[in-house]
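Novice: 3D model of this:
(one chain, ligands or ions: 1)
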Amino acid sequence: MMIVPELTRLARGHPRGLSRLTAALVGVSLTYVAQAVALAGALTAAVQARPGLGAMCLAVLAAAAVARLLLRQLQQHLVSALGTTIRQQMRARVLRRILAPERLHDVRSRAGSARLTAVDAVEGVDTYLTRYLPHVAQVALLCPLLVLAMAALSPAVAGALGVFVVAAVGAPRAFNRWMAHRSHERWESYDELSADVQESLQGMRTLQLLGAVPGRRRALSARSARLHRETVRTMRASLGETGILDLMIQAGTATAAALTILTAAGVEPQGVLATPLAAVAEEPLRIFAMLMLASETFRPIRDVSQQWHAGFLGLSAVSALREHGAFAAAGTAQGDVSGTDAEPPTGTAAVDGPAGAPTARPGPTPGALRLKDVHHQYPQTVAPVLCGADAVIEPGRITVISGASGAGKSTVFDIILGLLRPTSGTVTLAGRRPRPEEIAVVSQNPSLFSGTLRENLRLAAPDGVDEATLLAACHDAGLGGLLRVLPEGLSTPITEGGTSLSRGQAQRVAIARAYLADRPMILMDEPTSALDEDTAGAVLSRLRERAAGRIVLIISHREDVAQVADDHRILENGRLRPGRAPTPAAAAAPQEEDA
Ligand SMILES: Nc1ncnc2c1ncn2[C@@H]1O[C@H](COP(=O)(O)OP(=O)(O)OP(=O)(O)O)[C@@H](O)[C@H]1O
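Specialist: Now for the predicted structure:
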């Protein structure tokens, strides 16, 4: 029997559900006790030839069977209701931790591992909480009551029974530490295999091109073999525990039965044991009831042992769940589910789309974006990336930042987005931190999701966006030609990861999403890197129209992008310095005062 403090704390957060469930369970067990007593009565009726008593006992047996059926239905219903609540609560907490900006810069975070925790681990814990724990509560409630009932019939037998109940519950706990260690190791293997498989699938194309598929397959087979070994070891440990438990149950039942017979039979005056049959004939109900009760006292313990195996997966996932914040003190279950009861430390701007809920309307451009003396150094690195970057980025103008690879351009973006906290310095929009819902982002490698093109575009758009707005955004993003040749148009299905589109097409979908998001600030990371010159030219000229009244900040190495810049900066040695002067076309573009 293993009790995990975090899981019991979590269960205590649902006292009503858990106590109802335990009550239903105790009700089920009491029907067995009633049947045991009725059976003792029926045997007594047979021994004493009392048909009236026999009929009554048979009626009780039937009523107990019907009651058990109904209580089992109720128990299933309660398990499902409590399980749903607990799963939603834990999953919301885990997802909040997984889908957090900090993870983007966490070198240890792995998608497969996060997925495993959010799906399998939560399911496993549900079983532990909704099945195993109520059974443990039942043992704590019912076993002492049954021992007391036995004490009313025979204190000696009750004493022996009590000793074996305590041993059956307590002895397997000696295995707890070992079991915890084994199950933790098993989960680690499971987790690593899951993360490796997911990463291999994602990088399949690269592995294929590199000729690294056979090597990867061998590595995965080795991981799989390790998981098998860990599972077998864990099963062995679990079997050891179950063996001890069963031994105590059998020994306890046999001892109680033997004592019942011996104490009932008594000793003849000449020093030999009297025949138990005489005692049975004298007080059959007491003897039969004691024999039945001795067995029933161990039923809750036998049940808990079965549930233990069902809840074991969840138990082994406890450390992963702990690491992913599943037990973090949070608001109400409702708040957890909606995910709105705690604001993340920094912004949550989504890549290639709106930076918050699509329904949030950002309002007019609030003013200039200012970077003031921004410094940043990543942990475990020897030198800072940014050493006092300063800039004022005006609305209504296109600002382009260039710089050598690794100069820190994406770092600047992530700081503006709130995905990274600068080591020092400030980023402000009209004197305050930019709000996530004010920024639309076009990343260099946009993420597309399985679903239709329309669904991918709508991710960014406010609720109820009409077809004409979607088409206008596609047109301005240079997708008009593609839409004309797609037989299903916006209803065209897209594969997972957007692999059914070319890189350039995916990039333009990302640009359309940014337009649909309709935010006062657009950040673009190499938005035309996969486009040919003509397409890039068309996209950039429409960008100028879309830039009216907005802050548009682009990272790009491309000369054609630098040419449309009203304001060109070069990131060098951690600072932003002025770049090339604007071209006449760009200089003629309308400018707006800082609000
Ligand atoms: N999470 C991280 N931990 C440690 N170092 C990091 C991390 N992210 C980025 N860096 C380092 O910070 C530096 C700047 O990276 P950044 O991605 O901002 O450069 P960049 O100018 O956008 O480069 P590129 O043009 O090649 O995309 C690089 O040296 C990079 O290795």
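
Novice: ok but residue 391 is inside a strand, no?
Specialist: Yes - counting by DSSP: H, G, I helix; E, B strand; the rest coil, residue 391 is found in a strand.

Novice: just checking, it touches residue 570?
Specialist: No - in this structure residue 391 lies outside contact range of residue 570 using Cβ atoms under 8 Å: 11.2 Å. Using the backbone N, CA and C atoms, a C-beta is placed for each residue, glycine as well.

Novice: shared neighbours of the two, which are they?
Specialist: By Cβ atoms under 8 Å, 6 or more residues apart in numbering, residue 391 and residue 570 have these common neighbours: residue 576.

Novice: quick one, which of those two is more surrounded?
Specialist: Comparing residue 391 with residue 570 by other Cβ atoms under 10 Å, the one with more neighbours is residue 391, at 22 against 18.

Novice: Report the contact partners of the more buried one.
Specialist: Shown in contact with residue 391 (Cβ under 8 Å, 6+ apart): 369, 370, 371, 399, 569, 576.

Novice: which of those residues are close to the ligand?
Specialist: The subset of the contacts of residue 391 within reach of the ligand, by Cβ under 6 Å from any ligand atom, is empty.

Novice: Widest-spaced pair of those residues?
Specialist: With Cβ to Cβ as the measure, no two of the contacts of residue 391 lie farther apart than 370 and 569, at 13.3 Å.

Novice: out of those two, which sits in the more crowded spot?
Specialist: Legend: neighbour count by other Cβ under 10 Å for residue 370 and residue 569, higher for residue 569 (25 against 17).

Novice: My guess is the more buried one contacts residue 392. True?
Specialist: No - checked against Cβ under 8 Å, the pair residue 569 and residue 392 is beyond contact range at 10.5 Å.

Novice: gap between the nearest residue to residue 545 once chain neighbours are set aside and residue 535?
Specialist: Leaving aside its chain neighbours, residue 545 sits nearest to residue 476 (7.3 Å; criterion: Cβ to Cβ, 6 or more residues apart in numbering). As judged by Cβ to Cβ, to the nearest Å, residue 476 and residue 535 stand 13 Å apart.

Novice: What about the contacts of residue 391, which are in strands?
Specialist: Counting by DSSP state E, the part of the contacts of residue 391 found in strands is 369, 370, 371, 399, 569, 576.

Novice: who does the last one bridge with?
Specialist: In this structure, residue 576 bridges to residue 571 when assessed by DSSP bridges.

Novice: Spit out the contact partners of it.
Specialist: Neighbouring residues of residue 576 by Cβ under 8 Å, 6+ apart: 371, 389, 390, 391, 401, 412, 569, 570.

Novice: can you pull the buried residues of the helix or strand where residue 200 lies?
Specialist: Taking DSSP states H and E as the definition, one finds residue 200 inside helix 176-202. By 16 or more other Cβ atoms under 10 Å, the buried positions in helix 176-202 come out as 179-180, 182-196, 198-200.

Novice: Please apply the same query to stretch 315-323.
Specialist: 315, 316, 317, 318, 319, 320, 321.

Novice: Mind checking the pLDDT average for that stretch?
Specialist: Mean pLDDT, computed over stretch 315-323, is 83.

Novice: then it to CSV, C-alphas only?
Specialist: These are the backbone C-alpha positions of stretch 315-323, laid out as CSV (Å, rounded to 0.1, in the frame of the first residue of the first chain):
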residue,chain,number,x,y,z
LEU,A,315,2.2,6.5,-9.2
SER,A,316,5.3,6.0,-11.3
ALA,A,317,4.5,9.3,-13.1
VAL,A,318,4.4,11.3,-9.9
SER,A,319,7.9,12.8,-10.3
ALA,A,320,7.1,13.8,-13.9
LEU,A,321,3.9,15.4,-12.9
ARG,A,322,5.6,17.2,-10.0
GLU,A,323,8.2,18.6,-12.5
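
Novice: So what's the gap between that stretch and the chain middle?
Specialist: Remark: stretch 315-323 is offset 11 Å from the chain centroid, using Cα atoms, centre = their mean, to the nearest Å.

Novice: got the residues of the stretch 301-450 of the chain near the ligand?
Specialist: So the stretch 301-450 of the chain meets the ligand at 378, 381, 385, 403, 405, 406, 407, 408, 409, 410, 411 (Cβ under 6 Å from any ligand atom).

Novice: From those residues, keep the buried residues only.
Specialist: Buried, going by 16+ other Cβ under 10 Å: 385, 403, 407, 408, 409, 410, 411, out of these.

Novice: Just send those back as JSON lines, with pLDDT and distance to residue 260 too.
Specialist: Shown next, in JSON lines, are these (pLDDT from 0 to 100; distance: Cβ to Cβ, whole Å):
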{"residue": "385", "pLDDT": "95", "distance to residue 260": "80"}
{"residue": "403", "pLDDT": "90", "distance to residue 260": "88"}
{"residue": "407", "pLDDT": "92", "distance to residue 260": "86"}
{"residue": "408", "pLDDT": "93", "distance to residue 260": "82"}
{"residue": "409", "pLDDT": "92", "distance to residue 260": "84"}
{"residue": "410", "pLDDT": "91", "distance to residue 260": "78"}
{"residue": "411", "pLDDT": "93", "distance to residue 260": "78"}
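
Novice: hey, where'd the helices end up in the stretch 401-550 of the chain?
Specialist: For the stretch 401-550 of the chain, helices defined by DSSP state H, counting those that start in this stretch occupy the ranges 409-417, 453-458, 467-476, 480-485, 503-517, 533-546.

Novice: The stretch 51-200 of the chain now?
Specialist: 51-98, 111-116, 122-127, 133-153, 155-170, 176-202.

Novice: Can you convert these into TSV and add a column each for distance to the ligand and mean pLDDT?
Specialist: Listed next are the helices of the stretch 51-200 of the chain as TSV, based on distance: least, Cβ to the nearest ligand atom, whole Å; pLDDT from 0 to 100:
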stretch	distance to the ligand	mean pLDDT
helix 51-98	17	92
helix 111-116	16	86
helix 122-127	28	85
helix 133-153	40	92
helix 155-170	49	90
helix 176-202	17	85
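
Novice: Deepest in the core, which of those is it.
Specialist: Here the criterion is mean neighbour count by mean count of other Cβ atoms under 10 Å, and of those the winner is helix 122-127, at a mean of 22.

Novice: List of residues touching that helix?
Specialist: Helix 122-127 is contacted from outside by 7, 10, 83, 86-87, 90-91, 94, 307, 310-318, 321, 326, using Cβ under 8 Å, 6+ apart.

Novice: Try it again at 7 Å.
Specialist: Here helix 122-127 makes contact (Cβ atoms under 7 Å, 6 or more residues apart in numbering) with 7, 83, 86-87, 90-91, 94, 310-311, 313-314, 317, 321.

Novice: thinking again about what came up before, could you check how far the helix or strand that the helix holding residue 200 is followed by is from the centre of its chain?
Specialist: Next helix or strand after helix 176-202 toward the C-terminus (DSSP H and E): helix 204-210. When distances are taken as Cα atoms, centre = their mean, helix 204-210 is centred 30 Å away from the chain's centroid.

Novice: need the contact list for the residue of the stretch 251-400 of the chain found nearest the ligand.
Specialist: Relative to the ligand, the nearest point of the stretch 251-400 of the chain is residue 378 (3.4 Å; Cβ to the nearest ligand atom). Residue 378 is in contact with residue 385, counting by Cβ under 7 Å, 6+ apart.

Novice: can you check residue 294 too?
Specialist: Shown in contact with residue 294 (Cβ under 7 Å, 6+ apart): 161, 253, 256, 257, 260.

Novice: Check residue 303 too.
Specialist: Contacts of residue 303 by Cβ under 7 Å, 6+ apart are residue 135.

Novice: Just confirm it is within a helix.
Specialist: Yes - the assignment for residue 303 (three-state DSSP) places it in a helix.

Novice: State the distance from it to residue 25.
Specialist: Distance from residue 303 to residue 25, counting by Cβ to Cβ: 8 Å.

Novice: what about the stretch 301-450 of the chain, any weak spots by pLDDT?
Specialist: For the stretch 301-450 of the chain, the stretches with pLDDT under 70 are 313, 329-365.

Novice: Which stretches in it count as strands?
Specialist: Secondary structure of the stretch 301-450 of the chain, counting by DSSP state E, counting those that start in this stretch: strands at 369-376, 386-393, 397-403, 424-429, 439-442.
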